[in-house]
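> sharing a model that was predicted from the sequence below.
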Amino acid sequence: MRVLGIDPGLTRCGVGVVEGRPGAPLSLVAVGVVRTPADDDIGSRLVAIEAGIEHWLDEVKPDSVAVERVFAQHNTRTVMGTAQASAVAIVCAARRGLPVALHTPSEVKAAITGSGTADKKQIGAMVTRLLRLSATPKPADAADALALAICHVWRSGAQNRMAEALARARAGKGAGR
């Protein structure tokens, strides 16, 4: 499975791609950041993010996309920008028919480090170790995007089995009607 992880943001939108399957070593495919100037208007920034994500989708051809779920922050302006960038990422993937998964920051932290309260340094260190890299991806948004992709690969096996079981259960109930 090839997963494009997206850590949404208006100024820096982290993107990272990993390949692998649950229980097996993962491989880094690509990592980077889509950047927009802070002084550009919101429309121009969202169009630039869309173009950047579309470019990544064209280049890496993922099987699915994992996006960080926006959570409430004290800074409303920051959360709004993050939500807007997140929506752009979701639309880009959906337009191509790619499955999109949303993972909370604490879910990703717990999956990668074992603690839902891990800091950015701990995330970066574990991403570096898990992907057998010589250095931590910079900036932190890039490492966070890889962490999202890793989390999704690891959790997708269980999620897929649950979805299949639910579908079988629903089919069984419908057959008796």
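Received the coordinates, thanks.
> lowest-pLDDT helix or strand in the protein?
In the chain, the helix or strand scored least confidently by mean pLDDT, DSSP states H and E is helix 140-175, which has a mean of 78.
> quick one: residue 4 is in a strand?
Yes. Under DSSP: H, G, I helix; E, B strand; the rest coil, residue 4 falls within a strand.
> apart from its neighbours in sequence, what residue is nearest it?
residue 62 (4.0 Å; CB to CB, 6 or more residues apart in numbering). Using the backbone N, CA and C atoms, a C-beta is placed for each residue, glycine as well.
> next up, phi/psi of the one you found, please.
Main-chain torsions, residue 62, degrees, to the nearest 10: phi -70, psi 160.
> for residue 4, give its distance to residue 30.
9 Å (CB to CB, to the nearest Å).
> revised request: answer the last question for residue 143.
Counting by CB to CB, the gap from residue 143 to residue 30 is 13 Å.
> what's the overlap in contacts for those two?
Common neighbours of residue 143 and residue 30, using CB atoms under 8 Å, 6 or more residues apart in numbering, are residue 16.
> where does this protein dip in pLDDT?
Along the chain, the parts satisfying pLDDT under 70 run over 72-75, 157-168, 174-177.
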